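Participant: Next come a sequence and a model predicted from it.
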Amino acid sequence: MYNGHKNWNHWNVSLWLFNDEGLYGHMRWCVKTTRTLDLAARKLADTLGGDTPDGAPYTYTSLRAAITNLEQ
């Protein structure tokens with residue numbers, strides 16, 4: 001585990017999504033405009049693409065894990 005996350009990638013993606021106002025707003029918009037968290041994670045993956053500024057890829061699994069934290 002890495003700081004409570006599955007791995008470094010999940011931690012890094014979550015860190016960026018929850019600490020960058022624009023990314024946080026975009027994540028919340030994806031959750032609000034889709035029927036399920038799985039669809040929200042896919043929408044995020046499609047719209048973000050690429051990597052965080054630290055080089056962690058925005059994968060479906062890392063985004064889905066971050067969205068799950070949003071719901072808690």
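Facilitator: Yes, it's here.

Participant: Next, count neighbours for His5.
Facilitator: When counting by other C-beta atoms under 10 Å, one arrives at 18 neighbours for His5. Bear in mind the C-beta positions are built from the backbone N, C-alpha and C, glycine included.

Participant: residues touching it, list them.
Facilitator: 11, 14, 65 (C-beta atoms under 8 Å, 6 or more residues apart in numbering).

Participant: Distance check, it against Asn69.
Facilitator: Remark: distance between His5 and Asn69 (C-beta to C-beta, to the nearest Å) = 9 Å.

Participant: Also Ala56?
Facilitator: 15 Å.

Participant: before we move on, what about Gly25?
Facilitator: Gly25 is 16 Å from Asn69, by C-beta to C-beta.

Participant: Let me know the pLDDT of Glu71.
Facilitator: What the model reports as pLDDT for Glu71 is 65.

Participant: Equivalent analysis for Tyr24, please.
Facilitator: Here the pLDDT value assigned to Tyr24 is 96.

Participant: Any buried residues in stretch 21-30, and which?
Facilitator: The neighbour-count criterion (16 or more other C-beta atoms under 10 Å) identifies 23, 26-27, 30 as the buried residues of stretch 21-30.
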